[in-house]
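Colleague: Any chance you could fold what I've pasted below:
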Amino acid sequence: MTTKQNASLNNNNKTKKQKNRDIRSNAVSPATSDEIKFSKSFQKKEQFLQHEAVLNSHMLPSQPRNTKRKWHELFLRQRMVVKQWAQGTTLHGIGTVANNDKAKFLRILWLASLIGACCLCGYQGNDVIVKYKTEAKKSLVNSKVTNGTGFPFPSITICNKNPFRGGVVAQMFKDHPDMIARLNNNTLTSEDFEAVPALQGPNPVTAWIYMTGHELNTSLLSCKGTDGKCAEDDFDLTLSVERGRCYTYPGRNRTTSGRAHNIGLLLNIESYDYSPQYGANASAYQPAAFYLAIHGTDEIPDFSSSTFTLNGGSSTKIGINMRLFRRINTLGSSCINENTLQYYKEYSLSTCIRECEAKYLINKCGCAEDTFGANFTNVRKCFPNDLGECTFPTRFLEEWYVKQAECNQECVVPCTQWEYSFAVEKESGVPTDSYGLDHDFENYPKLHTLAQQLCSGENSDETSTEWIDCARKQLRANVVYAEVYMISSRYIEISEELIYSGFMDILPQIGGTMGLYVGASILTLFEILEFVIRIITFTLPTNS
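Modeller: Prediction:
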C-alpha cells in the first residue's frame, strides 16, 4: 500500500471517529426546555396536518380551505387560553383535569369529584338565597332573671260550675213554674222576662245573670296574699252567659317568687244552693266544683284550656313558670304590635278571637251579648228572645264551628307576649283536716259562719260531737282551697331573628360554601373575568 493510500485511509477513519463522537455527544447532551416544547409542538403540528388531511378529504368542494383553517386556528387558540387559565386558577381540581401529563383515570376521577363539589356548592348556595328571599327566621332561647321592676303575675279568674243559684231562681219564678222548663231548654223569651219585675229594663240578660249568679261575698271565704293586698275589693266582676258571675283577681307586677310568696284562695262552692229544678241539665253541674283559669292581664279567660277544676274538699297548689315571646313580622308569619280591635281596648289573641265571634253573631242576630265584655257602641243589646232564638242555637250549628276555625286562623299573635306553664299538685282535704276546726275558725272567720249556717238544724252546742261531725261534713263538701305562686323569678325568653337580614349576611355564607367545596374566593371572580376577556379578545383569528 502506498503512502498516499495510507494517509487517505487514516483521514477516513478520523472522519468516522469524529462523526461517532459527535453522535454520542448529541445523544447524551440534555435537551433544553425550548427543544422539548418545540418537539411537542412539532408533534401536535404533525397531528394537526394529519387531521387536516382527513378533514380535506371530507370537505365539500364549495367550502374554501382558508375558512376551515381559520376556525381550526381559533379552536387551538381557545384551547391554549383555557389550558393556561386552568393551570393558574385558584379553583380546586381544574388544573388537574386539564393536565395531560396525568393519567386518564385520575383526570376522570378528579372531574367527577369537581362536578359533585359544584353540585353541592350550588345546592347550599341556593338554600342560603331562598332563606334570604323568604325571610326565614331563627329562635333564640335565653334564660333570664327579672330585674328590679319585677315580673307580670298573671290574672286569676274563678267561676262556679253551676252558673245559677237554685234558691234565687226558685224565688224569682215561684209564680211561673213553666218558666223553669223553658229555662232548662234555653227558650226563655222577652215576655217571660217581662213577667218578672226585677228583670225589666234595658239589659234584662245582664240583670238575670247578675241576680242569679253566685255572689263573691259568699263564694270567697278568704284570700291571702303574702305580697300585696288580696280582698274582695280587688276582684273584678265578669258576666258570662255560660258561666254566670265570674270574678277575676287582676295580675300585677311582683318582685318575689317561690311557694312562700303565694296567693291562697279559700272558696265556697255552695253546693247546697245548686238548683235541683234543672232536670236533665242538673247532672251537668255535678259534682259541685269551681273553675279556675290563669291568663294574661290583657286576655279573656279561656275555660277550654289553662283551666283547673277545683272539686269540693280538695286542695290544689299551682306553680307557674313564665315564658316571654318576642316575635317579628316576616313573609311567612306575622304578629301585631298595636291594637287593631274595634270593641276591645287591648289586643290579645283571645280578644281578637272573641271580637271575631261577636261580629259574626251581630251580623247574624242583629244584637250583641253584654257578656262578651266588650264596648259595643251603636249596637243593640241582645234580649232574652234573641238568646233563645238566635245566639244560643247558632252556637250549636256547624257554621259556628267553621267560623271559630276561621277566627283562629285570621287572628295573629302579639309580637310581645307572656305565656305561662303550670306545675299542679293536688291533695285531698282542706285546711280543716290539717289543723282542726278551732284553728280554722280562728284564721278563717267565714268558715265558722258557714258551718253555723249549714248545721243550724243540729245541736246548737258547737262542742258536741253531732255539730262537729256536721261541720266537717259540710265543709268538706263545699270548701276548696287553691294556692297559686310563681315558681321562680327566672324566665325563658324566646326571641325571633332573621337568619339573613341583609346581603352582607349572606355574602360570607356563600363565600364560605364556595371556599369549602371548590376553593373559590372573591378574587376568583376576577380570574373568571380575566378568562372571559382573554377568550373574547386574544383568541380571535387573525386576518392573515
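
Colleague: May I ask you to name the longest helix in the chain?
Modeller: Longest helix in the chain, counting residues (DSSP state H): helix 104-133.

Colleague: Buried residues, it. List them.
Modeller: Residues of helix 104-133 classed as buried by neighbour count (16 or more other CB atoms under 10 Å): 107, 110, 114, 117-118, 121, 124-125, 128, 131-132. C-beta here means a position set from N, CA and C on the backbone, and glycine is covered the same way.

Colleague: Please look at Y347 and C335 and confirm they touch.
Modeller: No. Judged on CB atoms under 8 Å, Y347 makes no contact with C335 at a distance of 10.4 Å.

Colleague: and the longest helix of the chain, average pLDDT?
Modeller: Averaged over helix 104-133, pLDDT sits at 91.

Colleague: before we move on, what about stretch 479-495?
Modeller: Confidence for stretch 479-495, expressed as mean pLDDT, is 90.

Colleague: Start and end of it, how far apart?
Modeller: One end of stretch 479-495 to the other measures 43 Å (CA to CA, to the nearest Å).

Colleague: residue ranges for the helices of the stretch 51-200 of the chain, please.
Modeller: Secondary structure of the stretch 51-200 of the chain (DSSP state H, counting those that start in this stretch): helices located at 65-88, 94-97, 104-133, 166-172, 178-184, 190-194.

Colleague: now what about the shortest one, what contacts it?
Modeller: The reference is to helix 94-97. Residues outside helix 94-97 that contact it (CB atoms under 8 Å, 6 or more residues apart in numbering) are 86-89, 102, 106-107, 110-111, 114.

Colleague: residue ranges with poor pLDDT in this structure?
Modeller: Applying pLDDT under 70 to the chain flags residues 1-66, 148, 183-190, 200-202, 226-229, 275-286, 304-305, 428-439, 458-459, 538-544.

Colleague: so where does E466 fall, helix or strand?
Modeller: E466 is part of helix 465-478 when elements are defined by DSSP states H and E.

Colleague: what's the following helix or strand after that helix?
Modeller: strand 479-486.

Colleague: May I see the buried residues of the next helix or strand along the chain from that following strand?
Modeller: Going down the chain from strand 479-486, the next helix or strand is strand 490-498, by DSSP H and E. Neighbour counts using 16+ other CB under 10 Å place 491, 495-496 of strand 490-498 among the buried residues.

Colleague: And for stretch 207-214?
Modeller: Of the residues in stretch 207-214, 207-209, 211-214 count as buried by neighbour count, 16+ other CB under 10 Å.

Colleague: which among those gets closest to R354?
Modeller: For the buried residues of stretch 207-214, the closest approach to R354 (CB to CB) belongs to I209, at 17.1 Å.

Colleague: pretty sure that closest one is in a helix, no?
Modeller: Yes. Using DSSP: H, G, I helix; E, B strand; the rest coil, the assignment for I209 is a helix.

Colleague: Hmm, it is touching S240, no?
Modeller: Yes. The pair I209 / S240 is scored as a contact, 7.5 Å apart, by CB under 8 Å.

Colleague: Find the residues that touch each one of those two.
Modeller: 163, 371.

Colleague: Backbone dihedrals for the closest residue to C470 other than its chain neighbours, please?
Modeller: Leaving out its chain neighbours, the residue that sits closest to C470 by CB to CB, 6 or more residues apart in numbering is C455, at 4.0 Å. Main-chain dihedrals, C455, degrees, to the nearest 10: phi -110, psi 30.

Colleague: For the contacts of helix 94-97, which two are the farthest from each other?
Modeller: G88 and L106 (19.9 Å).

Colleague: will you turn the contacts of helix 94-97 into CSV that also has distance to H295?
Modeller: Formatted as CSV, these follow (distance: CB to CB, whole Å):
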residue, distance to H295
A86, 69
Q87, 72
G88, 70
T89, 65
K102, 73
L106, 70
R107, 70
W110, 65
L111, 65
L114, 61
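
Colleague: Return the closest of the residues you listed with respect to I487.
Modeller: L114 (58.0 Å).

Colleague: what's near enough to touch the closest one?
Modeller: L114 sits next to 92-94, 97, 518 when contact means CB under 8 Å, 6+ apart.

Colleague: Excluding chain neighbours, what is closest to F422?
Modeller: I318 (5.6 Å).

Colleague: What's opposite that neighbour in the beta bridge?
Modeller: I318 has the following beta-bridge partners by DSSP bridges: V424, V484.

Colleague: can I assume it is in contact with Y420?
Modeller: No. Applying CB under 8 Å, one finds I318 not in contact with Y420, separated by 9.9 Å.

Colleague: Could you tell me which residues touch both of the two?
Modeller: With CB under 8 Å, 6+ apart as the test, I318 and Y420 both reach I294.

Colleague: Look at those two and report which has more neighbours.
Modeller: For I318 versus Y420, neighbours defined as other CB atoms under 10 Å are more numerous around I318 (21 against 18).

Colleague: any idea how far I263 is from that one?
Modeller: Distance of I318 to I263, computed by CB to CB, to the nearest Å: 10 Å.

Colleague: Quickly list what's touching both of the two.
Modeller: Common neighbours of I318 and I263, using CB under 8 Å, 6+ apart, are 483-485.

Colleague: Sort out which one of those residues lies nearest L341 for me.
Modeller: Comparing these against L341 with CB to CB places V484 closest, at 28.5 Å.

Colleague: In contact with the closest residue to N142 other than its chain neighbours, which residues?
Modeller: Excluding the flanking residues, the one nearest N142 by CB to CB, 6+ apart is E493, at 4.9 Å. The neighbourhood of E493, defined by CB under 8 Å, 6+ apart, consists of 141-144, 323-324, 326.

Colleague: Kindly report the same for D302.
Modeller: Neighbouring residues of D302 by CB under 8 Å, 6+ apart: 293, 295, 350.

Colleague: Please repeat the previous calculation with a cut-off of 10 Å.
Modeller: Counting by CB atoms under 10 Å, 6 or more residues apart in numbering, D302 makes contact with 157, 293, 295, 349-350, 353-354.

Colleague: how far does stretch 470-486 stretch from start to finish?
Modeller: End-to-end span of stretch 470-486 (CA to CA): 36 Å.

Colleague: and the nearest residue to W208 once chain neighbours are set aside, how far is that from G166?
Modeller: Of all residues beyond its chain neighbours, the one nearest W208 is L199 (5.7 Å), with distances taken as CB to CB, 6+ apart. Separation of L199 from G166 (CB to CB): 17 Å.

Colleague: Strands of the stretch 151-300 of the chain, residue ranges please.
Modeller: With DSSP state E, counting those that start in this stretch as the criterion, the stretch 151-300 of the chain has strands at 151-152, 155-160, 220-225, 236-240, 244-249, 253-254, 262-268, 289-295.

Colleague: Can you lay out these as a markdown table showing mean neighbour count?
Modeller: Output for the strands of the stretch 151-300 of the chain, formatted as a markdown table (neighbours: other CB atoms under 10 Å):
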| stretch | mean neighbour count |
| --- | --- |
| strand 151-152 | 20 |
| strand 155-160 | 24 |
| strand 220-225 | 19 |
| strand 236-240 | 16 |
| strand 244-249 | 22 |
| strand 253-254 | 16 |
| strand 262-268 | 22 |
| strand 289-295 | 21 |
